[in-house]
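> Build the 3D model from these lines:
(2 chains)
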Number of protein chains: 2
Amino acid sequence: MSEHFSALFSPRSVAIIGASEDVTRIGGRPLRYLNEAGYEGTVYPVNPNRETVQGYKAYASVADLPESPDIALLAVPAKATVEAVRSCAEKGVKAAIVFSAGFAEADEAGAAAQKEMVAIARAAGMRLLGPNCLGVFNSSAKFYGTFSVVLDEEFIQPGPVAIVSQSGAYGAALADLARNRGMGISQWLTSGNECDIDIAEALKYVVQQPETRVVMAYAEGVRNRDSFIEALDTARKLGKAIVFMKTGRSSVGAEAAASHTAALAGSDAVFDAVLRQYGAYRARTTAEQLDIAYAASFGIYPKGNKIGIFTFSGGFGIQMADDAEENGLKVAPMPADVQAELKALLPYASPKNPVDATAQAVTDLPLMTQYMRSMIERGGYDIFSAVLQSGPNSKTYGPRLIEALDAATAGAKDLVKAATMSVPREVEKQFEDRGFIVHEDGSALMKAIGALNQFRESFEQAKVRKALEPMQKIAIPREEVSEHAAKKLLSHAGIEFPHEELVAPDGDVGAAAARVGFPVVLKISSPDIAHKTEVGGVVVNVRSEDEAREAAAGILARAQDKVPGARIEGIVVTPMIGQGVETIAGVSRDPVLGPVVMFGLGGVFVEVLKDVTFRAAPFDVDEAHRMIREIRGYSMLEGVRGAEPSDVNALAELLSKLSRFAAAHAEEIEGIDLNPVRVMPKGQGVKVLDALIIPRKEV
Amino acid sequence: MSEHFSALFSPRSVAIIGASEDVTRIGGRPLRYLNEAGYEGTVYPVNPNRETVQGYKAYASVADLPESPDIALLAVPAKATVEAVRSCAEKGVKAAIVFSAGFAEADEAGAAAQKEMVAIARAAGMRLLGPNCLGVFNSSAKFYGTFSVVLDEEFIQPGPVAIVSQSGAYGAALADLARNRGMGISQWLTSGNECDIDIAEALKYVVQQPETRVVMAYAEGVRNRDSFIEALDTARKLGKAIVFMKTGRSSVGAEAAASHTAALAGSDAVFDAVLRQYGAYRARTTAEQLDIAYAASFGIYPKGNKIGIFTFSGGFGIQMADDAEENGLKVAPMPADVQAELKALLPYASPKNPVDATAQAVTDLPLMTQYMRSMIERGGYDIFSAVLQSGPNSKTYGPRLIEALDAATAGAKDLVKAATMSVPREVEKQFEDRGFIVHEDGSALMKAIGALNQFRESFEQAKVRKALEPMQKIAIPREEVSEHAAKKLLSHAGIEFPHEELVAPDGDVGAAAARVGFPVVLKISSPDIAHKTEVGGVVVNVRSEDEAREAAAGILARAQDKVPGARIEGIVVTPMIGQGVETIAGVSRDPVLGPVVMFGLGGVFVEVLKDVTFRAAPFDVDEAHRMIREIRGYSMLEGVRGAEPSDVNALAELLSKLSRFAAAHAEEIEGIDLNPVRVMPKGQGVKVLDALIIPRKEV
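Modelled structure (predicted):
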């Protein structure tokens, strides 16, 4: 991969097929950019009608080129593209970018043409980007393989940000907005139809580039689960932040996305969970995506979540405290002795946190400095944030503010520094140059700092996480199995079930029930009856041998009546367990993201509130704990109204085992239901009372 | 009020006590602003040491002024303020603004001084604004009674926006941010310590001004429930939008707010509910506050929530569809025949909605116009929103876009028009001048349009809402009463309870139980036992006369044992009712906002999920319906898993009656609990199974 991606982002030579003299055309614009930016590699315009194009010597065909260029930009109409791809493949080009639309997104003929060019490229070991894309650029290599108009007026400065987007228009807009905020972008890639290279591969490449600190990504879905997850995992291991815009949250949006790129339809809730699981931040709005990428572009993450807020105005301090707490930050009070000292300096001030030095401090440089220095040196904060509003723009007071901040922060290493201000860009820059994360809006700033804190936690987790041993595979029948058989299969994953006995249809259920211990539950056992309750196949709270025999006879009769011809293995006798907190766990297959574990509380939580959470399988016990804590009704497991705390450790073990079992048998299993799972008081484990495995019909 | 507020915002004459020649000082700045803005009234600087101040003839004292000025600006230190207020009162000044800090917010001496000046003003019929405030301005009257530096470089244009803020710094920042967005502001008021005039009164005044379309408000809390609610109600009746920033959401923020302005501590959740109830929009961030005020400043509200989205890029269309749906808008498909026509024009387009005309339409003016015109004329949309990004800034394509939009929207009356674009301010303005609500960020735009839709609903409700008749007051005992007595009191409000009998301690509970009908519930009846279950005072599911007699004896014995000396009225016998959806309703007193009705589902919904909602009492049945629909578990009442829908109408009647009862007896009642309230299937009403009234100890 790396060699092809080097060709894509830092080619030593580039051919432009369909090169044009007209700098506003698709075949002219990249040439103009390469020329104006001072690209240092060799440029080969291919145009059979001209001697030169935009001052470069032109070639009649790819075959005529004096060498195999690293990359070819195909600025030819859709119908000429397959032949152009072929000529590049024959010439030994490493990678080609297809700009044209009119392929798989258009109609069947386009899809066929797309398939053909992929086959040609694959056979030759050439990689393809697009079609229907805006291409790439790498501003640190001065390479511009794009016809995006975003570079029309001004190039983009290199910097710590990378952009990877399926949508060309969105990727271009992000670049424009980032530039307006003074953010530098090195790598930029739009993947369009993704006939070959997709955003997962691109993500994995850009996060490995030393200059990249943060990636802004856009997708409507992904094509390859494994490479997508690998990219996310690589990023967090390297401490690189990914800020993701995934569209298709709403049903209308999802439908529009599905019709836009048919292959991508997966569940938005699962996609969301996977981003969280692998430490990427999912932005809800483009503004938020930019805010967080901007904050992460500083490359400094808070060591913890304690924030000190400095203000000259009570109201703004309160507002920022609200926003900080809402974003997972802790507005911890200043140490009491420091508060007393500051109060002595200015009796009307509020030195607790938010630290309100009042308008008095505006005109008093030593006082202002003392307040800030006390917060930074003795407050024990991981983050220092000041509310400055238009102050820095004041001719008299602005320079004093900077002086005070310089003095107060001089010795502060590892401190995340932030400030709100409403000032011209050049004033903001003075603060940014001092390492301050600056925003006009305090709420947006606190959201971004909260996101930095989440990234730090995720990076730390990635460092200590051990690789999961793949679970030993077992043979899974390719047809329905009974509950009893499903439990046996799952017990290979280390999942334990209460002791139960399977009694053949002509066996003595009464005796078995006595051995299991009253009260018991009786259930029909049949691979053909998945929903046992609905056919009267379950009797609970059976209290004697006679009752058991009678109930069993009834169950067998109803089963034969309701499901004629069902294969009846007999009656399963299990202990009746009514205690514990009712939960459910399950596995399903997302069409894109593969086996996914679902967890939720039972009853109204799942039925009314849809209070469930997902994780891609497999995952470890720590991740299972995070998953469990995500549900809204989590306090049920902590114990409410005097109930004992539940055995969340055992529950986490169960979920992790289930996930590893699901991952090992992803090809054989369509779904698993463990419902209900009763979580007993701490130390007493979980009781899985029912199990259903749905085999995959075809692979 | 009106006369004093006219003096405050449009005085014919203004005195500045402590007027200064130095235009950077508190006493110099207002004079400079009045002078530079061309204020047409008479200006009286009061300064005993000068003949003139900033070119105006100066007076040695207020007493020396040739007339009673409408307003006085007090730019004197805190310790000189009381005397200045006295001299103004004696002169017959209508309203005075006190800029100085150092009063109730500082210490007890300051609080005493504040009290004294209020007494002086009240006695003379003079109104006071402040102290500790930045004052007011009214740009349409060219009156500037403020020393805020926000006007230092540039005045603010008159316009449809008003700003009312407790915090001077926040109010000034809002004015600055609004100006940066090109919004005009007529009235601006900051209320500081609110020793007399508070933001409620100010709100009520500004919403009545014809030029005001929208108010941005900031508060940490309010002082007067009735005038605050009256202000909100006046606004919605006049169709004026209020966009509110209320700080103190988090516990840290609430604590900081409480220490900032001690008198204001009310519940944030109740404040939130009151804003919703009376149609004000509570912004979560300052950016959101500005976005929504900006959209409302156009004064055009959508007739419904159907939105048509026009885009040249699939990705942006999907994103906007997500955002629209998330904000209560309906991305309804285009009529099938229109889709077919558009598809025929451009086979690769997506004409459903979002309508993606593809990049093809960018260069094809007739095509682009036809697409937009079809959406606007035949789509049936209330809102038209276009994704234009940097397009309007293009020299070749920008003018075409405007031409197409002009042609397409020419006949569209009542249509809310919106667009996203990332362009310089002067280009935005071209669209605004055509009535387009413009934003760089699509998510922020959709949130603002969603808010407009909410405002429209609220304005419509205000038009049809009938005044609530006050409920007839009854005598409420000022001490605890038994459940039985509480039910009797509540039945005066028309609240019905299942038939029950109170049996004296020596009466025959068995016979009463037989009359009520088995199974029954027995409960101790005592004004001294509020929590009956905790003392063993309740026995449920009693099935025979003998069982009833035995249970009653047990209850009486336990009550005497656990609560010695309790006044025992006897045993209440009620029917046992287990059906219906369990809910709870209650009344509590918010320290600021008075009697408040709470509603929630019972069980885990209230205990684990805190899924409750509030309304200030009283309210009508329609409002009760909105309240009920707000809870997250609402679908429980619609019927889940095949259950019948519940009698929500009866529930709404109950809540409205409860609210009217609470309002009528606000002085006598501290709280009411109806728990549980079982909501039976539709048509079968509600069963209130328990009632508790907590009287107010002191008024």
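
> end-to-end on stretch A:127-138?
18 Å (C-alpha to C-alpha, to the nearest Å).

> What of stretch A:280-293?
11 Å.

> what comes into contact with it?
For stretch A:280-293, contacts defined as C-beta atoms under 8 Å, 6 or more residues apart in numbering or on different chains pick out A:161, A:173-174, A:177-178, A:181, A:183, A:214-217, A:232, A:235-236, A:241-246, A:272, A:275-276, A:439, A:444-445, A:447-448, A:451-452, A:454-455, B:319, B:323, B:440-444. (C-beta placed from N, C-alpha, C; glycine too.)

> Can I get the buried part of those as one ChimeraX selection?
A single ChimeraX command selects the buried members of the contacts of stretch A:280-293 (16 or more other C-beta atoms under 10 Å in any protein chain shown):
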select /A:161,173,174,177,178,181,183,214,215,216,217,232,235,236,241,242,243,244,245,246,272,275,276,439,444,445,447,448,451,452,454,455 /B:319,323,440,441,442,443,444
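
> dump the residue contacts of A:I693.
A:476, A:481, A:486, A:489-490, A:669, A:671-672.

> Assign a three-state SS to it, would you?
strand (DSSP: H, G, I helix; E, B strand; the rest coil).

> so it bridges to which residues?
A:I672 (DSSP bridges).

> Can you give me the pLDDT of it?
Model confidence at A:I693, given as pLDDT, is 94.

> swap in A:D620?
96.

> that older thread, which members of the contacts of A:I693 occur in strands, if any?
A:669, A:671-672 (DSSP state E).

> Could you tell me which residues of the stretch 151-300 of chain A lie near chain B?
Within the stretch 151-300 of chain A, the positions near chain B by C-beta under 8 Å from any C-beta of the partner chain are A:165-170, A:172-173, A:176-177, A:180, A:218, A:220, A:245, A:247-253, A:256-257, A:259-260, A:284-288.

> Filter those down to the ones in helices?
Those of these mapping onto helices are A:168-170, A:172-173, A:176-177, A:180, A:251-253, A:256-257, A:259-260, A:286-288, per DSSP state H.

> Doesn't A:V136 belong to a strand?
Yes: under three-state DSSP, A:V136 sits within a strand.

> Same question for stretch A:143-154: list its buried residues.
For stretch A:143-154, burial by neighbour count (16+ other C-beta under 10 Å) applies to A:143-152.

> Switch these over to TSV; also include pLDDT, distance to A:A643 and secondary structure.
Formatted as TSV, these follow (pLDDT from 0 to 100; distance: C-beta to C-beta, whole Å; DSSP: H, G, I helix; E, B strand; the rest coil):
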residue	pLDDT	distance to A:A643	secondary structure
A:F143	97	63	strand
A:Y144	97	64	strand
A:G145	97	62	strand
A:T146	96	60	strand
A:F147	94	64	coil
A:S148	92	59	coil
A:V149	88	62	helix
A:V150	89	58	helix
A:L151	91	62	helix
A:D152	86	65	coil
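
> for these, which one is nearest B:V581?
Sorting the buried residues of stretch A:143-154 by distance to B:V581 puts A:V150 at the head of the list, at 55.9 Å, by C-beta to C-beta.

> which residues does the closest residue to the closest one other than its chain neighbours contact?
Excluding its sequence neighbours, the residue lying closest to A:V150 (C-beta to C-beta, 6 or more residues apart in numbering or on different chains) is A:A172, at 4.3 Å. Contacts for A:A172 (C-beta under 8 Å, 6+ apart) come out as A:134, A:148-150, A:190, B:389.

> In CSV: those residues, plus distance to A:A551.
What follows is the contacts of A:A172, written out as CSV (distance: C-beta to C-beta, whole Å):
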residue, distance to A:A551
A:L134, 69
A:S148, 72
A:V149, 76
A:V150, 73
A:T190, 65
B:Q389, 69
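
> What distance do you get for A:S6 to chain B?
28 Å (C-beta to the nearest C-beta, to the nearest Å).

> neighbours of that residue, just the number please.
Burial of A:S6 is recorded as 17 neighbouring residues (other C-beta atoms under 10 Å in any protein chain shown).

> and what of A:R400?
A count of neighbours around A:R400, defined by other C-beta under 10 Å, yields 18.

> could you say which helix or strand contains it?
helix A:397-409 (DSSP states H and E).

> So for that helix, what gets flagged as buried?
Quick answer for helix A:397-409 (16+ other C-beta under 10 Å): A:397-398, A:400-401, A:404-405, A:407-409.

> now, which of those residues sits nearest chain B?
A:Y397 (9.5 Å; C-beta to the nearest C-beta).

> doesn't A:A359 make contact with the closest one?
No: A:Y397 is beyond contact range of A:A359, at 10.9 Å (criterion: C-beta atoms under 8 Å).

> pLDDT wise, what is the residue nearest the centre of chain A at?
By C-alpha atoms, centre = their mean, chain A has its centre lying nearest to A:L275, at 1.7 Å. Model confidence at A:L275, given as pLDDT, is 96.

> So what touches the helix or strand containing A:A112?
Following DSSP H and E, one finds A:A112 within helix A:108-124. Outside helix A:108-124, the residues within contact range by C-beta under 8 Å, 6+ apart are A:78-79, A:81-82, A:85-86, A:89-90, A:92, A:96, A:98, A:102-104, A:127-128, A:131, A:193, A:195-196.

> Now intersect the residues you listed with the strands, please.
Among these, the ones falling in strands (DSSP E) are A:96, A:98, A:127-128.

> Report the contact partners of A:I376.
Going by C-beta under 8 Å, 6+ apart, A:I376 touches A:308, A:384, A:408-409, A:411-412, A:415.

> could you redo the last one with a cut-off of 7 Å?
A:384, A:408-409, A:412, A:415 (C-beta atoms under 7 Å, 6 or more residues apart in numbering or on different chains).

> swap in A:V423?
By C-beta under 7 Å, 6+ apart, the neighbours of A:V423 are A:390, A:392-393.

> State which one residue of the stretch 351-500 of chain A is found closest to chain B.
A:S443 (3.4 Å).

> wait, that residue sits on A:A324?
No: at 9.7 Å, A:S443 does not count as touching A:A324 under the criterion of C-beta atoms under 7 Å.

> residue contacts, the residue sitting furthest away from the middle of chain A?
For chain A, the residue at maximal distance from the C-alpha centroid (C-alpha atoms, centre = their mean) is A:D546, at 56.6 Å. Contacts for A:D546 (C-beta under 7 Å, 6+ apart) come out as A:G510.
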